[in-house]
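*Asks:* okay, predicted coordinates and the sequence, questions at the end:
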Amino acid sequence: MRIRRCRLDDAQAVAELATELGYPTDAEQAAARLASLLDRDEDALFAAEDEGGAVVGWLHVREERTLESEPLATLAGLVVAAPHRGQGFGKALLGAALAWAAERGLATLRVRSNVVRRETHRWYQAAGFKIQKAQVAFSRPVALPLPAGDHDV
């Protein structure tokens, strides 16, 4: 097992694993996303290789700064190919994220996980994460105009 930084030539494996995670992605999309993230200081992307050098997992961690709280690291994505789960790849990737966050002086690593991923929740809890809160995620197209009328919160 080897953990290393992701490279642009990992696009095919990244795409396949993102699709397995539930986010259909092709190699071209993955390459464009990798290209936009690889040079950003506030993002780190790690790949897990098996003994044969095949990428069997990846992790994306980023530094998050908000007005209401201290800077922290956010685990933006983590996936290990199903046949390789339970073999320590996820734990090794998580270790790389924790080391990266510590090097940056960040005291907290946060992760959000879909409510349907119960097995994943157990894995995170076993890795020392504590449930902080439950919330609802909203999204909308940017181009959609705001509705007329008074909608202040």
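*Replies:* Okay, I see it. Numbering: from 1, shown residues only.

*Asks:* please make it C-alpha for all contacts and neighbour counts, starting now.
*Replies:* Noted.

*Asks:* the longest helix along the chain: which residues count as buried?
*Replies:* Longest helix in the chain by number of residues (criterion: DSSP state H): helix 89-103. For helix 89-103, burial by neighbour count (16 or more other CA atoms under 10 Å) applies to F89, G90, A92, L93, L94, A96, A97, L98, W100, A101.

*Asks:* what's across from the closest residue to the third one other than its chain neighbours in the sheet?
*Replies:* The shortest distance from A92 to any residue that is not its chain neighbour, by CA to CA, 6 or more residues apart in numbering, is 7.0 Å, and that residue is I3. For I3, the beta-bridge partners are A48 (DSSP bridges).

*Asks:* which pLDDT value belongs to I3?
*Replies:* Listed pLDDT for I3 reads 98.

*Asks:* where's it relative to A102, distance?
*Replies:* Noted for I3: a distance of 17 Å to A102, by CA to CA, to the nearest Å.

*Asks:* please, which helix or strand holds G105?
*Replies:* In the assignment (DSSP states H and E), G105 maps to no helix and no strand.

*Asks:* do you know the pLDDT at it?
*Replies:* At G105, the model reports a pLDDT of 97.

*Asks:* about what we covered before: you'd agree the residue nearest to A92 is up against D50?
*Replies:* No - under the contact definition of CA atoms under 8 Å, I3 does not touch D50, with a separation of 9.2 Å.

*Asks:* which SS state does the spatially most central residue of the chain fall under?
*Replies:* By CA atoms, centre = their mean, the chain has its centre lying nearest to G77, at 1.5 Å. Secondary structure, DSSP: H, G, I helix; E, B strand; the rest coil: G77 is strand.
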